[in-house]
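Colleague: okay, structure incoming, though there's no sequence with it:
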C-alpha cells in the first residue's frame, strides 16, 4: 500500500509508472458477461437473490467442473458468494471457533491469516520454500498439527509465488487431515490461469475439503465481487445460515452476468487472454533473471513472479519506484519466512508496458547491483 | 424462511399468494441509477475500487447529509460498504472482542445478534415495548450496562416495528454511553422511509457514534449490495484495514451507479415512492385493526407493521397462508420478548395487492377469531 500511494504520487507529478504491483487483470469482463449484466440491470433483476445464489449460476458452475475438470460436483454443494473474500469469510466463520489453530503457508496470501484472526482463531505459519514449490507438504502439515489444529488453508496457484502444489502431495495432505478430522480449504481463485501446466481442482480428494473460487481472476471480474465455494454436503446448511445473516446474498446483476461467463464465446475470449498472460510471463521471467533477480521455482500459474532480489526488498522496491518508476510489491506483505529479500512482480499489464518495465529493471540492476 | 418456502410451494400449486413477508421494496433502482450502472459496465469501470469506496460516492453521501439533514459530515468519515451487512460486519469486527457484550433491542433485527456472535461477542437483549415505541430508553441502557458491555446497536426506523426512537431519548442514550466509553451503533438503513415524521440522523450526537446506512431500502437497490458507514475520524483507519482484508472493496459498478442516486431526478422518483409507501401503510394499518389485530404503536417508518394477533403467531401465519394465501412473518424471527403473539406485515407490494390482502385477512379473522 505504501508502494501504491507513492506510485500514485509519482503519476500525479507526471511520471509514467509501470504497475507490476497490481493483483488484478487489466482485462475487464468478456463482452457477453457485460451485456448479460446490462440486461439484468435494465430488466430490474437486481433484488436479493437466494442466499446460496441463483440456481442457474450454481448449475453453470457445477457444469463447468464437469466440462473442464471432468469432476462431478453436486449443484447443491456449490454456493455463490460475494467474492472469494465473502467465501473465505463465511468458511472461516463456519469452521473456526475461538482458539482454533489453522495452518497457513508463509509466504502466502495475507488474507488467510486475517480471516482466521477475525474469528479469534490462530494462524500458524508453515514455512514453505522453493524446494517444495513454495507449497506445504504432507510432512510439514503432520509436523505442525497440534491439539487445537482445525485445518489448513492453501492457495494453488499461489499468491505471491505463482506456483502450484503437486496433486499427489495435496492428496497426501488431504488424507492426513482427514485422518485427524480436520478441514482442508483450498483457494483456487487463480484456477484456469496456468501456463504449461494443466489446471485441476482439489475437489474429489478425501475428507472435509472446501474449495474457494472467484470470478475475479480467470474471468476478469474483480470489482463485480463474485465468487463461489464448493462444500461437503453436510456443511451447506450451516454455511447458508451464516451467509444469510452476514451477507444476505451476493450481488444480483453480477450473478446474472456470470451465467454468461461459461458460454463458449466467453471461454474463447478468456483462453485467448490466458495465452496473453503466458506471453507476458515468458517476457518478464527471463528479463528478471537478466536483472540479477533469482527465480528459483518457475511459476506456472496466477500472474505473479516471486523473485529474490538479494537484498532488502522494501529498499529495492522503493528505489526501483523512485529511480525507474516501476512499482512492485515487497515480499514482507506475504509473510515473514524469507520474504525480506523477495519481491512480487505481477504481469497484469500489456506486453508493451512489460517490455518497458524489463528495460527499466535491467537498467536499475546495472546501476545498483543487487549484492 | 418456513413461511417463504411454503408460500413458494403454494404458488407452484397455482395459488395467488400475496407477499407481506418480504423485507425489500418492490421498486427497482431509479432509472438514472440503472443507466449509470449500465455505463459503468460498458465502460469497464468494474475493477476493484479503493477499499473505502469511490471518492465521488463518498462525497455525494456527505453532501446528502448536508442537503437533507443539515448535518456536516467529513467525507473522510464516510466509508462505502458491501451492503449495510458488510458495514455491520466490519463494525462488529472492529469494535467487538471475544467476551464483549453488546446491547440489542428485542424485538429487533436478528442480524445484530448474529454479527455480535460471529466475533465471539455476547448480544444482550433489551426488552423494548410499545410504551417506548419499541425502542431502547436511556434507563434501560443504564440498567443493562455491565463491566463487559461495549455498546448498543439499535435501528431507527426499526425492523420489525417500523417505529422511530425519539431524538431526545437517543441523545440521552448517547450521553450515557459516552460517559462509559462505549460505542453507539445506529442502523439507519430505513432512513428516508418515514411517513408523518421527519427523517433525521444520529450523527452529531456526543461520543463514539457509528451510523450504518444502505442503498437497499430508500434507494431501492437491495441486490446491488451497497451501503455505507459514517465513523468517528479515529476509527476510519482501523475500519479500512479490516475492510481491505475482509472485503477488498464494495461492488464497483454499483458504486458508480449510486453516484446517480442523489441527483434531483432520482430523488424526485424516490420521494414519489415514499408517497406510495405512505398510501400503502394508510391502507393496511386500519385493515389490520379491523381484522382484530392490535397495533399499539403507529409505525412511522420503514415498511412494516408489527401487530399483535392475540394468539400463537406461528400458528396464525401458517393458517393465514394455508387458508388465505397471505404470507407474513411471525414475530419470533425478531426475538423472544413478547414476539410469540406478534406478526410483521411488510407493505412492499402494490396497493391492489394490499387491498386483496386486506380482504383476505379480514375474511380470515371473521372465520377464525383471534382469541
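Modeller: Done, it's in. Fair warning: this is a prediction, and the values are worked out from it, not measured in the lab.
Colleague: please make it C-alpha for all contacts and neighbour counts, starting now.
Modeller: Noted.
Colleague: tell me the secondary structure at residue A:211.
Modeller: Three-state assignment for residue A:211 (DSSP: H, G, I helix; E, B strand; the rest coil): strand.
Colleague: how many other residues sit next to it?
Modeller: Look at residue A:211: counted by other C-alpha atoms under 10 Å in any protein chain shown, it has 24 neighbours.
Colleague: in the stretch 251-371 of chain A, which spans are strands?
Modeller: A:304-308, A:326-327, A:329-330, A:342-346 (DSSP state E, counting those that start in this stretch).
Colleague: output those strands in JSON lines, with mean pLDDT appended to each entry.
Modeller: Listed next are the strands of the stretch 251-371 of chain A as JSON lines, based on pLDDT from 0 to 100:
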{"stretch": "strand A:304-308", "mean pLDDT": "98"}
{"stretch": "strand A:326-327", "mean pLDDT": "98"}
{"stretch": "strand A:329-330", "mean pLDDT": "97"}
{"stretch": "strand A:342-346", "mean pLDDT": "98"}
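Colleague: check contacts around the one residue in the stretch 101-250 of chain A that gets nearest to chain B.
Modeller: For the stretch 101-250 of chain A, the residue closest to chain B is residue A:223, as judged by C-alpha to the nearest C-alpha, at 4.2 Å. Contacts for residue A:223 were tallied using C-alpha atoms under 8 Å, 6 or more residues apart in numbering or on different chains; they are A:216, B:46-49, B:249-253.
Colleague: show me the longest helix that occurs in chain A.
Modeller: Criterion DSSP state H: the longest helix present in chain A is helix A:264-290.
Colleague: how about residue A:57, nearest residue that isn't a chain neighbour?
Modeller: Spatially, and ignoring its direct neighbours in sequence, residue A:57 is nearest to residue A:259 (5.2 Å; C-alpha to C-alpha, 6 or more residues apart in numbering or on different chains).
Colleague: how about the contacts made by the one you found?
Modeller: Counting by C-alpha under 8 Å, 6+ apart, residue A:259 touches A:33, A:56-57, A:60.
Colleague: which one of these is nearest to chain B?
Modeller: Nearest member of the contacts of residue A:259 to chain B, counting by C-alpha to the nearest C-alpha, is residue A:33, at 9.6 Å.
Colleague: just checking, that closest one touches residue A:260?
Modeller: Yes. Counting by C-alpha atoms under 8 Å, residue A:260 is a contact partner of residue A:33 at 5.1 Å.
Colleague: what do these two both touch?
Modeller: Residues touching both residue A:33 and residue A:260 (C-alpha under 8 Å, 6+ apart) are residue A:266.
Colleague: looking at these two, which is more packed in?
Modeller: Neighbours per residue (other C-alpha under 10 Å) separate residue A:33 from residue A:260, with residue A:33 holding more: 26 against 22.
Colleague: so what's that one scoring on pLDDT?
Modeller: Residue A:33 carries a pLDDT value of 98.
Colleague: do residue A:4 as well
Modeller: Note for residue A:4: predicted pLDDT of 83.
Colleague: my guess is it contacts residue A:327, does it?
Modeller: Yes. The criterion here is C-alpha under 8 Å, and residue A:4 meets it with residue A:327 at 7.5 Å.
Colleague: now list whatever residues contact both of these two.
Modeller: Residues touching both residue A:4 and residue A:327 (C-alpha under 8 Å, 6+ apart): residue A:21.
Colleague: looking at these two, which one has more neighbours?
Modeller: Applying other C-alpha under 10 Å to residue A:4 and residue A:327 shows that residue A:327 carries more neighbours, namely 26 against 16.
Colleague: wait, doesn't that one sit right on residue A:11?
Modeller: No. If you go by C-alpha under 8 Å, residue A:327 and residue A:11 don't touch, sitting 11.3 Å apart.
Colleague: joint contacts of those two?
Modeller: residue A:17.
Colleague: give me the pLDDT value at the residue lying closest to residue A:348 once chain neighbours are set aside.
Modeller: In space, not counting the residues next to it along the chain, residue A:348 is nearest to residue A:25; the distance is 5.2 Å by C-alpha to C-alpha, 6+ apart. Looking at residue A:25, its pLDDT stands at 95.
Colleague: what of residue A:368?
Modeller: pLDDT for residue A:368: 67.
Colleague: report all helices and strands that the helix or strand of chain A with the lowest mean pLDDT contacts.
Modeller: Across the helices and strands of chain A, the lowest-confidence element by mean pLDDT, DSSP states H and E is helix A:2-12, at a mean of 89. Judged by 3 or more C-alpha pairs under 8 Å, 6 or more residues apart in numbering or on different chains; DSSP states H and E, helix A:2-12 is in contact with helix A:313-324, strand A:326-327.
Colleague: residue A:111 - nearest residue in space that isn't next to it in sequence?
Modeller: Of all residues not flanking residue A:111 in the chain, residue B:245 sits nearest, at 5.6 Å (C-alpha to C-alpha, 6+ apart).
Colleague: which parts of the stretch 51-200 of chain A sit against chain B?
Modeller: A:83, A:85-86, A:89, A:93, A:98, A:111, A:114-115, A:118-120 (C-alpha under 8 Å from any C-alpha of the partner chain).
Colleague: check the residues you listed and tell me the two furthest apart.
Modeller: Largest separation among those by C-alpha to C-alpha: A:83 and A:98, giving 24.5 Å.
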